[in-house]
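In: The following block contains a protein sequence and its predicted model.
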Amino acid sequence: MPVKVIIPTPLRPFAGKRDSAEFNAATVGEALGCLTAEFAELRRHLFTEEGKLRSFVNVYVNDEDIRYLAKEETRTKDGDTINIVPSIAGGIF
Amino acid sequence: MATGLQPLAGNADAAKLSKEEILRYSRHLIMPEVGMEGQLKLKQAKVLLIGTGGLGAPLGLYLAAAGVGRLGLVDFDVVDFTNLQRQVTFGTSDVGRPKIAAARERLANMNPNIEIQAFETKLSSENALELFKDFDIIVDGTDNFPTRYLVNDACILLGKPNVYGSIFRFEGQATVFGAPGGPCYRCLYPEPPPPGLVPSCAEGGVLGVLPGIVGTIQAMETIKLILGSGDSLAGRLLLFDALGMKFRELKLRKNPACPVCGENRSIHKLIDYYEFCGIRGEEAPAPAAQVPEITPRELKARLDRGDDLFVLDVREPHEFQICNLRGHLIPLGEVPRRVQELDSSREIVVHCKGGKRSAEAAEFLRKAGFRKIWNLKGGILAWSDEVDSSVPKY
């Protein structure tokens, strides 16, 4: 079931400059797994060394934060959009 | 809805408009959604802008023009040439002046009927509560994580709304934090990224119009909060992609376990936000000190001697076009998969614009088994300062 993953500007340099990618995935975790399999450099930006999603990276299925759904186990359906939204400060650090 | 010229309660000056003000605000006054009642609310409002830069420019200009009665400005920076591409409060003749003085002058000229309070200071855990307490709304137009967490926590502790905007390259975010019952910045992002993991704005750049758009969205939200009308962005995170010209909206929920606004909050006073963000102070060395540094002068001397040095430039191709040291270009993000282009038997000098990205690349190469690696101290900017002033700085 194809889902679209939107890659935010700060992470595009690590994703071959792509702004989105589509994968057949039944859960958010699966889709992010496909994404980091295709773009290995993204992995350390999205996940900690223990494989946990980083706390300054939020993931939404359509407009819902997966922290308030089933986290990475959140089921996805055909046509869903996964938004990766890292914190940006707009500045010097 | 305004029904006439009934003055609101308050002090005499703030409770009515002069003839000049009535003319000035005519296009507000003839709108039923603002009217005399709304315009007087604006006149009695006290809004504090944190930062007078990219976001602060449209914020200051539009809020002053709209007649917000008291505008506080907090900044400690000086106008420089690289600001002028987006910080439209300032002109070329302001370069070198304190931003606060230049902004105050510009805004006072735009609207002499309002009171401008200029605070030429760096916002800190020591002064934030004192600065915020006399204002109704705080607007976050800052550019770094420590100040954003500080602004958030101070607003929550004082129960004041925080109109938030943030930008990166051609992407922006905006929302309202700290509305009654609404989420705060820590509900959205409990922790900041560790320094260096997300590319900084000084490296990443920002399209000049972008802070104009995001700042005006913040100005609009501020005015809506003052008027008490419309649907506030509280509880919604607005994402703006200027290149795709797309606005997206995500639900923002209050985190019941939030350490500052949750039921069992653990933060009851302001903390050290630099420590919280993992920044140990400007004099502290970068963590990747394993790779030796070479100064621009040393590099020049060695190149002049004809030493066999391979210069690796880890900036982006568009930066290479601005100026370069005729090095081999592999952008930082591509180093891991293009590492085979490098010969580990040769001495390699890695450089970027200022030395941070090259330190990261050099550390990566060191871990990958390269042993003869140098990091050019201060990058191409230092090269311009110390070796060849014909190399433009950007």
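Out: Thanks, I have the structure now.

In: pLDDT-wise, which helix or strand of chain A ranks last?
Out: Among the helices and strands of chain A, helix A:43-46 carries the lowest confidence by mean pLDDT, DSSP states H and E, at a mean of 90.

In: Check the spacing between B:Q39 and B:F135 real quick.
Out: 19 Å (C-beta to C-beta, to the nearest Å). Glycine gets a C-beta too; all of them are placed from N, C-alpha and C.

In: Find the centremost residue of chain A, please.
Out: A:I84 (4.3 Å; C-alpha atoms, centre = their mean).

In: Wait, a strand at that residue?
Out: Yes: applying DSSP: H, G, I helix; E, B strand; the rest coil, one finds A:I84 inside a strand.

In: thinking again about what came up before, look at B:Q39 and B:F135 and report which has more neighbours.
Out: Between B:Q39 and B:F135, counted using other C-beta atoms under 10 Å in any protein chain shown, the more crowded position is B:Q39 (23 against 19).

In: Hmm, B:K269 is touching B:L157, no?
Out: Yes: at 7.3 Å, B:K269 counts as touching B:L157 under the criterion of C-beta atoms under 8 Å.

In: Who has more neighbours out of these two?
Out: B:L157 (19 against 9).

In: what's near enough to touch the more buried one?
Out: By C-beta atoms under 8 Å, 6 or more residues apart in numbering or on different chains, the contact set of B:L157 is B:129, B:260, B:268-270.

In: can you pick the most crowded of those?
Out: Neighbour-wise, these (other C-beta under 10 Å) top out at B:V260, 23 neighbours.

In: what helix or strand is that residue on?
Out: Using DSSP states H and E, B:V260 falls within no helix or strand.

In: tell me the contacts of it?
Out: B:V260 neighbours (C-beta under 8 Å, 6+ apart): B:152-153, B:156-157, B:184, B:186, B:267.

In: next one: B:N264
Out: Contacts of B:N264 by C-beta under 8 Å, 6+ apart are B:A257.

In: Check what pLDDT it gets.
Out: Per-residue confidence (pLDDT) for B:N264: 93.

In: now swap in A:G90 and tell me
Out: pLDDT, A:G90: 72.

In: Same question for B:A9.
Out: For B:A9, the predicted pLDDT is 42.

In: so B:L303 makes contact with B:F310?
Out: No: shown here, B:L303 and B:F310 do not form a contact pair, counting by C-beta under 8 Å, at 11.1 Å.

In: Near residue 90, how many other residues are there?
Out: As the question left the chain open, I've gone with chain A. 30.

In: not quite, I wanted chain B
Out: Neighbours of B:F90 using other C-beta under 10 Å come to 21.

In: Name the nearest residue to it, sequence neighbours excluded.
Out: B:V79 (4.8 Å; C-beta to C-beta, 6 or more residues apart in numbering or on different chains).

In: So B:L49 belongs to a helix, correct?
Out: No: assigned with three-state DSSP, B:L49 falls outside any helix and is strand.

In: mind checking how far it is from B:L61?
Out: If you go by C-beta to C-beta, the gap between B:L49 and B:L61 works out to 11 Å.
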